[in-house]
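Peer 1: A predicted structure for the sequence below; I have some questions about it.
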Amino acid sequence: SSATPRWSDGGSPKWKSVLKKARAEGKLVLNGPPELPSTSFAKDFQKDTGIKLVLAAGESGVRGAAMRAQAKANKLSYDLAVGGAGELADMLPQGLLRPVAPQLMLADSTNLLKWKNHAIKYVDSQNKYLLQTTNSRWPVVYVNSSKVDPNSIASWKDLLNPKYKGKIAAYDPRAFAQGLLAAIVFNESFGTSYVRTLYGTQNITYSQDRTQLANWVARGTYDIVIAATPGDIAPFVKQGLPVKPVFPKDGPQFLTGSSSALKQPQNANKTPGPHPNAATVFINWYASKNGQISFTKAMHDISRRLDVPVPKDVPSYLVPAKKLTAIDTFSAPIYGTPLSNTRKVIGQVVR
Amino acid sequence: MQQTSSTITIRALTKRFDGPDVTANAVDDISFDIADGTLVTLLGASGCGKTTTMRMIAGLETPTSGEISIDGAFMYADGGRVNVPVSKRPIGIVFQSYAIWPHMSVFENVAYPLRVRRPRMSKAEVRERTEESLEAVGLAKFSKRPGTALSGGQQQRAALARALIKEPKVLLLDEPLSNLDAKLRDRMREWIREVQQRSGITTICVTHDQEEALGISDRVLLMEDGRIVDSGVPEDIYRRPTSKSAAQFIGIANHVSAVVRDVGSVSALVLDTEHGPLSCSAPAGYSTGEALTVYLRPEDLRLGRAVGDDVAWRGVVRSRVFVGPCWEYYVTMGATDLRVRLYGDAETFEVGDAVHVWPDGSKAIVVRDEEGASIETLAPVAALDD
Amino acid sequence: MQQTSSTITIRALTKRFDGPDVTANAVDDISFDIADGTLVTLLGASGCGKTTTMRMIAGLETPTSGEISIDGAFMYADGGRVNVPVSKRPIGIVFQSYAIWPHMSVFENVAYPLRVRRPRMSKAEVRERTEESLEAVGLAKFSKRPGTALSGGQQQRAALARALIKEPKVLLLDEPLSNLDAKLRDRMREWIREVQQRSGITTICVTHDQEEALGISDRVLLMEDGRIVDSGVPEDIYRRPTSKSAAQFIGIANHVSAVVRDVGSVSALVLDTEHGPLSCSAPAGYSTGEALTVYLRPEDLRLGRAVGDDVAWRGVVRSRVFVGPCWEYYVTMGATDLRVRLYGDAETFEVGDAVHVWPDGSKAIVVRDEEGASIETLAPVAALDD
Amino acid sequence: MSSAAGRVSSAWHARPGRHTGAGRVVWGIVLCVVVGVFTVLPAAWVIINSFNSAPPGDSFAFSTDGWSDIFSDPTTVKSIGYTFLLSLRIPIAMAIALAMTWAIVRMDLPARKFIERCLWLAFFLPALPVTLGWLLLADPDYGLINKLLHSLPLLGGVTLSITSVAGIMWVYISLTTVPIMVILLSASLRQIDASYEEASEASGASVPKTMRRVTFRLLLPAILTALVAGFITSLEVFEVEQILGTPVGIRVYSTQIFSYVGSVPPLYAQALALGTLFFFVLLVIAVAYQIQVKRAGAHATMTGSGSRVARRPRTRAAYVVSGLMLLYIAIGVALPVIVLILGSFSKLFGFFFIDSPWTTAHWSQVLHSSDFTTAARNSVIVGLGVGIVGTLLYALLAWTMVRTRIWGRSLIGVMVWLPWAIPGVLAGVAWLVIFLRVPGLSSLYGTLTPLVIVLVVKGLPLGTQMLRTSVEQVSEDLEAAARASGAGFARTFRTVTLPLISPMVVSVFMILFMTSMRDVSSVVLLAPPETRTLSLLMFSYATSGQLESSAVIGVMLAVLAMFVAGFASRIGLRMNMGQEA
Ligand SMILES: Nc1ncnc2c1ncn2[C@@H]1O[C@H](COP(=O)(O)OP(=O)(O)OP(=O)(O)O)[C@@H](O)[C@H]1O
Ligand SMILES: Nc1ncnc2c1ncn2[C@@H]1O[C@H](COP(=O)(O)OP(=O)(O)OP(=O)(O)O)[C@@H](O)[C@H]1O
Ligand SMILES: [Mg+2]
Ligand SMILES: [Mg+2]
């Protein structure tokens, strides 16, 4: 409530009035990934805006279900959500999201030059609902290097080698999460027969527990894991355990927005959550340099903003290589036919 | 209610339990009144329905039918449409199973009725009265023990103290002294009497101890198989039971079949009994040749050395038992035994001695042989109030 | 073991409970022997340690110290190093709280000891013997009822049947007849006696009923405050108690202070009592001027109309109670009351009558005033076997 | 003396109007409706929506896809098989629990208190880190125990595999099933007058025979309740299977439901169809239970005449038994506790052999985080609130079922189980929809009330049934004596009934306290979004890969619970001085 903080220098009068109203609202409820509460993310936001950020962390699936049900009953208690792009498949078509893009109003946030490829990226095809602020190369496959030489997997086809039968674990592709994304990518890039062979004949063990997957590969319970989360692998690598990503040369690289997609739910009657002005402020802060520094630090991710440095502990292999063909898993088309095709195959082979 | 002076009025009270092997009503259509401030004893064989009657009066058992009123107000009537809850009935009760609370100390057990009383009683007064009570039952030195870390008799006394402490309008005592020794029993009996008379409590007491029943009560109700078969002041019941079972229950161990030989004047009878002749007094109305039974108390027979005498009955001492104030002899008289008690300085006999038995005709109780008649003639409502 | 003929040998048995307000040992260093096949009664005031003693013999309570052996084999000794489990002790027990199992029928309750017996008993035999037992205690018609759907006295009889059915070597009866009426009590007593003698069972019985204690037992042990203060055959105990408390407990309600006026021949004393003169017999060794207490039973006093007579004591009838075979009078003699029982045809008196009291000097019990001495002289081991 | 001890007597609680025909029916219907709203409603929602292809909240679209899908899915059938196979742990645990309970209550065991405390502690331990701990100890490849076994000369060939049916059973048995059964059964056994057993032994029955024919028969209502409760929860849980069973292909029925719900969009129809199957299994069990309980009969085992809970003297057997139990505790409780504590101090949970594995960083991070104190406070508030309110309500309901003769008591007896008829995940969603949609209830949404209501309802089955068996054990005369002393219903209930059943009251309270503190999904769904509890924190740490911090909170939770347990049992003891300290 003192002087206007530096990050929002040069805000319009409209911004100022929004900020004022937002401060009157006092707080903001964000449905975010479970990592955030134990970081300084909320504190950073409050320092910059004077608004309290309530992080409603917990089982993200359950939170999501709660958020959807509340919205349908016009009893939304969340203002914003940050995470994956699953809403593309349900809340967006159901009209339960409100556009984020029009609410970006600070010069700094909207300055396209500050963003990678000189574009602010939205996941949805209308370019306004799901704001994606980070981008990284996704190592779909990690191996335990004391069991498997990372270099021995030069081709994606190597995963089909019968010697890995029973030695692969994967994030459950039946759940709507990174496991399914990986399957979609496989299906799109290498065709249905690849997916059928990999998931149908390699005796893969599935889990929906991220920690468990990381643990498995670190211990060598399984030699190979598919669709683990880099953030979960990092601590093991840091302690010197032999976990290595593999990037076979014969396919595209996979890009991901991790958990950076920001979206604003709204009630079925089109009213927003309880703190709409604070939400606007957060959207702008999130897209600002300060916001991105804070977020990428908290999530060990790589921002799409060019003026935000890559956090020190982020492994270099996550930085997308410049000139490789890539499939962006954070794009609307993926959630259309590719999704339903893959599900069908997965539904047939994974039991 | 016909009698407003009576505290407890029972009408046609019946209780039937459900369950296997239940063939009769536990309490069967009983009616009686108890006058204000009196102590009435329920006497009767084990399982005759005493406890059930008391529990119905207390409201702990729901009657199958009948009416109960206390002090002119219905407690139970109309098949349950009137049914005053236990806590609202003006009663105190000692359970046959003492129902001492194991989670409270002896003191707390006894103080409880005072503590729940409305209007509140001051702490100091509760303490004082409880201590007084504990003193009276001889438990003062155990007051801090858990209620169940007491001997049987001590628990019974605690239960008694608890029932008496609030000086209720009606006191129900179910064998309150059964586990106490003679000395304590005397003391407790006196205490009950004292509290009862001081506060004019109407009391119903169940006991198996005849001496107690006779010594303590204003009236005695004799029950049998769920019914009331006799009632009266103690001495009457003892001296003039009106039925065979009453006679037997009241401790008259000897019965002798007889035929009237001669009807004398002033209702004196001369009988031929199975053991020998007997002259006795009896109500008028007997005629020569009639068959009857003579009841004789053990203490109304005397023994003598068998020497020729045609009036005395002859027998042989089969066994004898020392029971304190007297010796009890079992004298074999042909097929049956007679039981004889000799008090005081009477000569003693040895097993095997041939003896004469001298019945005291004036104390003999004569009952006609169509047994049960005397029960029938009992009025359905036995008004007991003075 | 010194005496091999005795079934039960108790040595220096002591039990102390823990807990608040415990100031003394519940059982305090008692020792006794009980001969094979005899029935011994434990008599004593409420809370004196009878139940505790029985429970220790049964193995249900662990002694604080002491030894117990049955039939020459240690049941408990060496501070617990020898401690035969309850189920291995050859006992049957009736609990003061009957402990009838609520989940079994009356039949199952009684049949239980036979059913758990090894070697197995045939079903038919179990049935037959159980039915016999139920018949004996008068519960045959309730055999299918749940064990607790019985009246108090019926439960007590079931407990008795259960304890007796396996005809154990040692039978422990804790007030087995307290809730039964006189008639049933007689019948049960006879039955116990019969089974006991038929199978030579050694029995310890606790009772508060003096008449029962005297009538049924071969020996009586008198307990007080956890100790055994007297023992002997019933008549001895009754007629010649050896201590003040024994005298009081045995129902001798009257005690009179006196001074020896004259020592006659053949241990006859002439006393000056607080109420008047008294001649009585007493053990030798008293000297003139000695202070002592005279105990007099109510039935050893007689009453007469007060007419000038210097030997008789004078008093006034304060109250009287009818107790069946006799009237009990409370006669005020200055500061204290005397209790007098008049049996038989004695003249009756009314409250307020001035009376003479005639003590029967030959029955008076004389105890020296340094009280407790007589307890000290009791041998620590009171050998009771015949 | 205790003639009327345990007299099977008719109701004396004859309040006017309540006892008579009409009153009984009216009160019965009122109570049935109240209980029904909170038990039948969610169950009905589940059944109806198993035929709904639209997501919850949308308008109903009839379809049988859910049902046909689950039956065409072979894994479902297999998972049902595994579920029932794993539920065999319940009778096994019951046998162990009965033996332990008897020894704890009836023997003068050395270290008996310690053993009891450890069982409580086991129940308070968080499942996730402990299960991972077991993995460290007994994984067939890298488990420490196996390494040890392999290094021993004679046992070289033996491998203990925790990732097996037996391993999963062991974790459940040692962690929850046995402790909870001992906690409940010992409360019940403490209310059985020792004289019944004494009478049996004096009749010549050996101790085991006495247990079988008397003790356990009198304990039967409690045993039945614990069995049924154990069985139903065994169908519902899956955390341990998830961790230990996944690598070896052991999937249970509730994992299946979980993954249906976890899909996007969630496959509710399929999940609910499975849930409905579960519901019918439970309904059959509940009805069978009700019939059995009726047949077993209610026995007042705590009478008004010198109920003593006598302990057997301390013989050599006591030391042996105590030794065995301490061994069990060392393996089943101490080992996991040690792993948990080590885990909280390690840089990487479960990797104790890396260079410099130890750190206190997680402790300082957790304890200094601003969330921690708020979360601890919230947890305690929710735990105490639900614990106290719930226990009281269950006790009242239990009392009503036992002591009054209102209409529909059997119906209530069955309905009371229903909150467990729906697997947790589904129940949460059902409640969410109910609280968002049902007029009247919806105004409560956004406060803590729905959470409290749901947690109280969740505890209803176990709490009510166990307290019911407890009330049955108390002889009516003990309450009657209070009524006859002039105490009204409330006073009698407070000063006599509750203290007499205080061991069970304390047990039920603690179980409720702990399950409420532990709850995650109801908090997420029903509490305001800013509500933080320790479990939620623990869960967040765990799902974001910070197992060490989650272990820190696990330790704190257990410490907190032990503290509350100590406090609760002290209060219980103060209420009931007859109970030994
Ligand atoms: N659990 C206990 N804790 C403390 N003291 C006890 C306990 N049980 C009994 N006592 C005390 O021990 C003494 C002896 O008790 P016991 O039950 O043996 O008496 P008793 O002779 O059988 O009496 P009664 O005739 O009243 O049954 C009593 O004073 C009693 O108060
Ligand atoms: N719950 C019950 N179910 C069936 N019958 C019962 C039940 N309770 C008592 N009875 C029966 O009712 C009758 C009366 O029982 P009650 O307890 O009133 O007897 P009582 O006169 O008190 O006997 P006691 O002197 O032995 O205590 C008995 O025959 C008894 O068997
Ligand atoms: Mg009775
Ligand atoms: Mg006793």
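Peer 2: Sure, I can see it. Numbering: from 1, shown residues only, chains lettered A, B, ... in the order given. Ligands and ions are numbered 1, 2, ... in the order given.

Peer 1: rest of the way, CA atoms for contacts and neighbours
Peer 2: OK.

Peer 1: residue contacts, the closest residue to residue A:270 other than its chain neighbours?
Peer 2: Closest residue to residue A:270 apart from its sequence neighbours, by C-alpha to C-alpha, 6 or more residues apart in numbering or on different chains: residue A:96 at 7.5 Å. Residues in contact with residue A:96 (C-alpha atoms under 8 Å, 6 or more residues apart in numbering or on different chains) are A:68, A:71, A:72, A:265, A:266, A:267, A:268, A:270.

Peer 1: and the residue nearest to the third one when sequence neighbours are not counted, backbone torsions?
Peer 2: If you skip the residues right next to it in sequence, residue A:72 has residue A:268 as its closest partner in space, 5.2 Å away by C-alpha to C-alpha, 6+ apart. In this entry, residue A:268 is assigned phi and psi values of phi -60, psi -30 (degrees, to the nearest 10).

Peer 1: wait, residue A:268 sits on residue A:73?
Peer 2: Yes - Residue A:268 is within contact range of residue A:73, at 7.1 Å (criterion: C-alpha atoms under 8 Å).

Peer 1: need the contacts of residue A:96 in a markdown table (columns: pLDDT, neighbour count and distance to residue A:207).
Peer 2: Formatted as a markdown table, the contacts of residue A:96 follow (pLDDT from 0 to 100; neighbours: other C-alpha atoms under 10 Å in any protein chain shown; distance: C-alpha to C-alpha, whole Å):
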| residue | pLDDT | neighbour count | distance to residue A:207 |
| --- | --- | --- | --- |
| A:68 | 87 | 26 | 25 |
| A:71 | 91 | 28 | 30 |
| A:72 | 88 | 24 | 31 |
| A:265 | 95 | 30 | 29 |
| A:266 | 95 | 30 | 32 |
| A:267 | 94 | 23 | 33 |
| A:268 | 92 | 20 | 34 |
| A:270 | 94 | 14 | 37 |
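
Peer 1: any chance of those in CSV, plus distance to residue C:287 and secondary structure?
Peer 2: CSV is the format used below for the contacts of residue A:96 (distance: C-alpha to C-alpha, whole Å; DSSP: H, G, I helix; E, B strand; the rest coil):
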residue, distance to residue C:287, secondary structure
A:68, 110, helix
A:71, 111, helix
A:72, 112, helix
A:265, 115, strand
A:266, 116, strand
A:267, 114, coil
A:268, 116, coil
A:270, 119, coil
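
Peer 1: residue A:62: which of those residues is nearest?
Peer 2: residue A:68 (9.8 Å; C-alpha to C-alpha).

Peer 1: and the residue nearest to that closest one when sequence neighbours are not counted, which helix or strand is it part of?
Peer 2: Nearest non-adjacent residue to residue A:68, counting by C-alpha to C-alpha, 6+ apart: residue A:91, 7.1 Å away. Element membership for residue A:91 (DSSP states H and E) is empty, with no helix or strand holding it.

Peer 1: what separation do you get for residue A:91 and residue D:445?
Peer 2: 22 Å (C-alpha to C-alpha, to the nearest Å).

Peer 1: helices of the stretch 101-250 of chain B, residue ranges please.
Peer 2: B:106-115, B:123-137, B:152-165, B:182-198, B:210-216, B:234-239, B:244-249 (DSSP state H, counting those that start in this stretch).

Peer 1: for the stretch 301-450 of chain D, what lies in contact range of ligand 3?
Peer 2: Residues of the stretch 301-450 of chain D lying close to ligand 3 by C-alpha under 5 Å from the ion: none are found.

Peer 1: swap that for chain B, sorry
Peer 2: So far as C-alpha under 5 Å from the ion goes, chain B lies against ligand 3 at residue B:51.

Peer 1: close to ligand 2, is stretch D:474-494?
Peer 2: No - Stretch D:474-494 lies out of reach of ligand 2 by C-alpha under 6 Å from any ligand atom, never closer than 12.3 Å.

Peer 1: ok, back up a step: do you know the pLDDT at the residue nearest to residue A:68?
Peer 2: At residue A:91, the predicted lDDT confidence score is 89.

Peer 1: for residue D:377, same thing?
Peer 2: 91.

Peer 1: quick revisit: what is the burial count for the residue nearest to residue A:68?
Peer 2: The tally of other residues near residue A:91 (other C-alpha atoms under 10 Å in any protein chain shown) stands at 20.
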